[in-house]
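**Q** Predicted coordinates and the sequence they were generated for:
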Amino acid sequence: MAAPATTLPRPLKLPSPLRQFFEENRENILLFVAVAAFASYPLIDEWTGWGRLGSWGAILIYVILAMGLNVVVGYAGLLDLGYAAFFAIGAYTMGFLTSPSSYFIKAGYVPEWLQSFWPALAFSWIVAAVAGVILGAPTLRLRGDYFAIVTLGFGEIVPNFFLNADEITNGTAGVNPIGRPPSFTLFGRTISFSPTDQNYWYWLILVIVVLSLLMIRRFYNSRMGRTWAALREDQVAAASVGVNLVRTKLWAFAISASFAGFAGSLFASYFQYVHPANFEFIVSVTVLSMVILGGIGNIYGVIAGALMIGFFDRILTEELTPPVNRLGESIGVQFLAKHDFTQDKFLVFGLALVLMMLLRPEGMFPSARRRAELRPELDEILEQEEQSLFDTRSDDGLHTEGRL
Amino acid sequence: MGVVRALSLPRVEFNRAFDVVGMAVLALVAVGLIYGAIDRPSLFAQYVIIGMANGALIALIALGYTLVYGIVELINFAHGEIFMMGAYFAFAVVAASSVDSSSSWFAIVGIAVVALLGAMVFSSSLNWGIDRIAYRRLRQAPRLAALIAAIGFSFIFQQIAIYWRGAPPISPPALIPTEYRTYNILTEWFNLETRIRIRPLDLAVLGLTIPLLILLRWFIARTRTGKAMRATAQDRDASALMGIDVNRAISVAFIVGGALAGAAGMIALYYNNSARPGMGFRYGLFAFTAAVLGGIGNLTGAVIGGFVIGLVWSFSDGFVRQYFSYWGAQWTPTLIFGLLVVTMVFRPSGILGEHATEKV
C-alpha cells in the first residue's frame, strides 16, 4: 500500500568531501579501526595482566585458516572436509626446512638460503598450493558430496602418513625445534621473535592476517572471483558463457590450500613444534564451523566466526571451568563441580553445525548473495513476484502473511 | 542433458589408461595373494577368517550408508556414530544385568540376545530421530547442507558417548567364559592338527551377520514396504504420485540402516572386546569405502565391498608384514582411505554400480 507519490523529490544535497570520503571507504575505514583495536591488544593484555596473548596468537592463525577455507567453501561452493591436510603440509614443510632435527637438512637436501624463516614461509606456501593442485586436479570433477568425502579421505591420509613415516617425520615425537623469523632493528629497537617476545609474534601474525585478508578480498573482487560466484550458482550456465569449470575450481582450491600452508608454517614456528595430532579431522571441522557460523561467503563474517569460535574454544572454556566448578561445589551440584568445559568441544561444534544448517544456513553475518542462494524463501525478487501474483488475484493481503 | 554432456571433458582416453593401470595393479595383487597362499597356507587361511569376520561387520554398517544414499542421496556421515552408540547401548544393557561369564548358559545367551535387540532398537531410533529432526527439513536445501548437519550429529554423538562412559576405551563385562577365548573349533570339534584357529567368536560374527543379510534381502525384495523403498529410490516424485508414502519409505531406510548398525555395534563390542567414542569414525569411513567400492546405492555391492575391505584390513594388518617388513597395521587406514580416494576419483560408480540401474 504505497502512498501516492504526491510529494516532490527532496532537493539533491551534495555531501561534504569528508563525508563522501567516509561513505566511499567505509569498509576500509572500519577494517582499519578493527585492525588498530587488535594491534593494541598486547598492550591491554600487559596492562590488565590477563596473560591471554598466546591464545590470541593461535586464534589469529585460525582466522587465516578460516579465510582460506572460505575461498573454496564460500566462494566456489565446494565442501572441503580435509582442510587440515594443507595446514599439516604447510607446518611440516616449515619444520623440514628449518628444524635442526629435520631429516632433509641432515641429508643435505635443503640449500642454506632456504633454511631460514622467510624463504621457508614462501616455500611452504607454494608447496601447499601445489598439493592443492595435485589433489584437486583429479577430484574436482566429482559431484559435491563425493568431493567432500574425497577431501576427507585425503585429510586423513596426510596426518596418518606424517605419523607413520617416522624415519622422515619423527613420528609421534614430532618435529622440534623450528626456525624463527630472524630478528631485525627497526627505529632503533631490536625486534626479535624469541619465546619471550610474544608481542612481536602477535603483531607479525596480525600483519599476515591483514595481508591475507587484502589478498583474498582482491581475489574475490577480481574476474576470477566473479567466475567462482558464477559456477557456484549455476555450473551449466557458467560453462555456457565460457567459464572453464575445472580451471576455475582448481584456482579456488589451490588458493585456499596456499593460505592453509601459510597458516601451517606460522603455526609451526609459533609453537616451535609440529605433531600429527595437531592436524586431525577435528581441526578441519573446527575451521568449517567457523566459516559456517560466521557467514559462508562473507569474509568479515568468517573472520567474526573464527574469532567467536576461537575465543570460545581457547579462552572462554578455560576461564569458565574454575569458577563454575567452585560454584558447583558451593551449591553442591556434582555435575558443575566436576565438569571440565574444555572437553565439550565436540558437542559445541556439532550443535553449531546442526543448528546453523537448520535455522540459519547463511550464517550469522551472511553475504547478501549467499543468503539469497541458501534461503530462496527470503529472496526479495521471489517475494515481489508472489506479491504481484497475489495482487492480481485478491487484494486481501492475507496470503502473504506467515510466510516467514 | 545435451548441454551437460557437452560440458564433460574428454575422459575416454584417461579412463582407458586408468583401466589398464588398475587392472595391472589388481593382477599384481592377485599374483601376490596366490603366492602368499601357496607359501604360507595356514597363515593365509587365518587372515582370511579374520578378514571375513571384519568384513561381515563392515558390510552391516555399509548397508546403512547405501540404503540411505540409495533413497535420499545423502551421505549419512553420522552413521558410524550410530554404530558406536549401538555398541555403547549394548554395553550398558550387559553392565546393568549383572550377568557374567559365571552365570548359566541360559542367562548369557538371553542377555546377549536382549543386548543385541536393544542395540538395534536404540540405534534405529537414533537414526530415525536425526532424520526426523534434521535431514527431513533439509531435503529441499542444497545437498551439502544435510551433509554438514550429518557431520554435526556425528560430533554430538561422540560427545554423548564421552559423557556416558568417558573418553578412554571401555571393555565390556566378560560374557564368554575365558576357556572359550582361545578355544579352537577345528581342533576341539574335528581333532585336526592345524595352526589355523577358528574361534567360536569368529563363527558367531558370521552366524549373526548372514541371517541379518538374508533377512534384509527378503525385506527389500519381497515385502510391500521394501517395494515402496525401491520405488522411492528410483523416482521420488513418481512414487508419491502412485500413492506411496515417500517420507515413510525414507524413514524405514533410516530405521533398517540403524538397526543393522546397532547389531554391528553389539557384535563389534564383543569381537574387539572394547569400544571407544572415536570407533565410529574409523569403522564408518571403512564402511563408507566399502559402500562406494561396491557401488553406492547397491545392496549386494555393499556386502561385497564390506568383505573386500575386511580382507584388505586383515591382510594389511598382519599378512603383508610377512613379506614387507616396513608394512604394518599402522598403514591400514592410509591404505583404505587411499582406496576410497582412488575409487571415488576413477570409478565413482564402484564395482557393481555402473550397470545396476536398480537402486536399493
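**A** Yep, that arrived.
**Q** going forward, measure contacts and count neighbours with C-alpha atoms only.
**A** OK.
**Q** interface residues of chain A facing chain B?
**A** Along chain A, the residues adjacent to chain B under the rule Cα under 8 Å from any Cα of the partner chain are A:79, A:138-139, A:142, A:144-146, A:150, A:153-154, A:156-157, A:160-161, A:164, A:236, A:239, A:344, A:346-355, A:357-358, A:361, A:374.
**Q** now these: which count as buried?
**A** A:79, A:139, A:142, A:144-146, A:150, A:153-154, A:156-157, A:160-161, A:164, A:236, A:239, A:344, A:346-355, A:357-358, A:361, A:374 (16 or more other Cα atoms under 10 Å in any protein chain shown).
**Q** Alpha carbons only: can I get stretch A:111-126 in PDB?
**A** These are the backbone C-alpha positions of stretch A:111-126, laid out as PDB (Å, rounded to 0.1, in the frame of the first residue of the first chain):
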ATOM      1  CA  PRO A 111      70.100 -25.300   0.500                       C
ATOM      2  CA  GLU A 112      71.500 -22.900   3.100                       C
ATOM      3  CA  TRP A 113      69.400 -20.000   2.000                       C
ATOM      4  CA  LEU A 114      66.100 -21.900   2.400                       C
ATOM      5  CA  GLN A 115      66.800 -22.800   6.000                       C
ATOM      6  CA  SER A 116      65.600 -19.600   7.500                       C
ATOM      7  CA  PHE A 117      62.000 -18.500   8.300                       C
ATOM      8  CA  TRP A 118      61.000 -16.100   5.400                       C
ATOM      9  CA  PRO A 119      62.100 -18.200   2.500                       C
ATOM     10  CA  ALA A 120      60.700 -21.300   4.200                       C
ATOM     11  CA  LEU A 121      57.400 -19.500   4.700                       C
ATOM     12  CA  ALA A 122      57.200 -18.600   1.000                       C
ATOM     13  CA  PHE A 123      58.200 -22.100   0.100                       C
ATOM     14  CA  SER A 124      55.600 -23.800   2.200                       C
ATOM     15  CA  TRP A 125      53.000 -21.500   0.700                       C
ATOM     16  CA  ILE A 126      54.000 -22.800  -2.700                       C
END
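**Q** Buried ones in it, by neighbour count?
**A** Buried residues in stretch A:111-126, counted by 16+ other Cα under 10 Å: A:Gln115, A:Ser116, A:Phe117, A:Trp118, A:Pro119, A:Ala120, A:Leu121, A:Ala122, A:Phe123, A:Ser124, A:Trp125, A:Ile126.
**Q** ok, now which ones touch the last one?
**A** It stands for A:Ile126. By Cα atoms under 8 Å, 6 or more residues apart in numbering or on different chains, the contact list for A:Ile126 reads A:Ser258, A:Gly261.
**Q** Look through the stretch 101-250 of chain B and state the residue closest to chain A.
**A** Closest to chain A within the stretch 101-250 of chain B is B:Gly152: 3.7 Å, counting by Cα to the nearest Cα.
**Q** count of residues packed around that residue?
**A** The number of residues packed around B:Gly152, counting by other Cα atoms under 10 Å in any protein chain shown, is 27.
**Q** host element of it?
**A** Element membership of B:Gly152, judged by DSSP states H and E, is helix B:143-165.
**Q** what does B:Asp100 give?
**A** B:Asp100 belongs to no helix or strand, assigned by DSSP H and E.
**Q** where in the stretch 101-250 of chain B is pLDDT low?
**A** With pLDDT under 70 as the threshold, the stretch 101-250 of chain B has low-confidence stretches at B:177-182.
**Q** What separation is there between B:Ser316 and chain A?
**A** Counting by Cα to the nearest Cα, to the nearest Å, the gap from B:Ser316 to chain A is 14 Å.
**Q** How is that residue assigned, secondary-structure-wise?
**A** For B:Ser316, the secondary structure call by DSSP: H, G, I helix; E, B strand; the rest coil comes out as helix.
**Q** residues contacting B:Ala119?
**A** Residues B:Met85, B:Gly86, B:Ala87, B:Phe89, B:Ala90, B:Ala259, B:Gly262, B:Ala263, B:Gly265, B:Met266 are the ones in contact with B:Ala119 under the rule Cα under 8 Å, 6+ apart.
**Q** Inside strands: which ones of the residues you listed?
**A** Judged by DSSP state E, those include no members of strands.
**Q** which residue sits closest to the residue of the stretch 101-250 of chain B closest to chain A, ignoring its sequence neighbours?
**A** What sits nearest to B:Gly152 in space, not counting adjacent residues and going by Cα to Cα, 6 or more residues apart in numbering or on different chains, is A:Gly350, at 3.7 Å.
**Q** B:Ala287 too?
**A** B:Ala62 (4.5 Å).
**Q** Likewise for A:Asp45?
**A** On the basis of Cα to Cα, 6+ apart, the spatially nearest residue to A:Asp45 that is not a chain neighbour turns out to be A:Gly51, at 6.2 Å.
**Q** Using PDB, list the CA coordinates for stretch A:282-294.
**A** Extracted in PDB, the C-alpha atoms of stretch A:282-294 (Å, rounded to 0.1, in the frame of the first residue of the first chain):
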ATOM      1  CA  ILE A 282      38.500 -32.100  14.300                       C
ATOM      2  CA  VAL A 283      40.700 -29.300  13.000                       C
ATOM      3  CA  SER A 284      39.000 -29.300   9.600                       C
ATOM      4  CA  VAL A 285      35.600 -29.400  11.300                       C
ATOM      5  CA  THR A 286      36.600 -26.500  13.600                       C
ATOM      6  CA  VAL A 287      37.600 -24.400  10.700                       C
ATOM      7  CA  LEU A 288      34.400 -25.400   8.800                       C
ATOM      8  CA  SER A 289      32.200 -24.400  11.800                       C
ATOM      9  CA  MET A 290      34.000 -21.000  11.800                       C
ATOM     10  CA  VAL A 291      33.100 -20.500   8.200                       C
ATOM     11  CA  ILE A 292      29.500 -21.700   8.600                       C
ATOM     12  CA  LEU A 293      28.800 -19.900  11.900                       C
ATOM     13  CA  GLY A 294      30.200 -16.600  10.700                       C
END
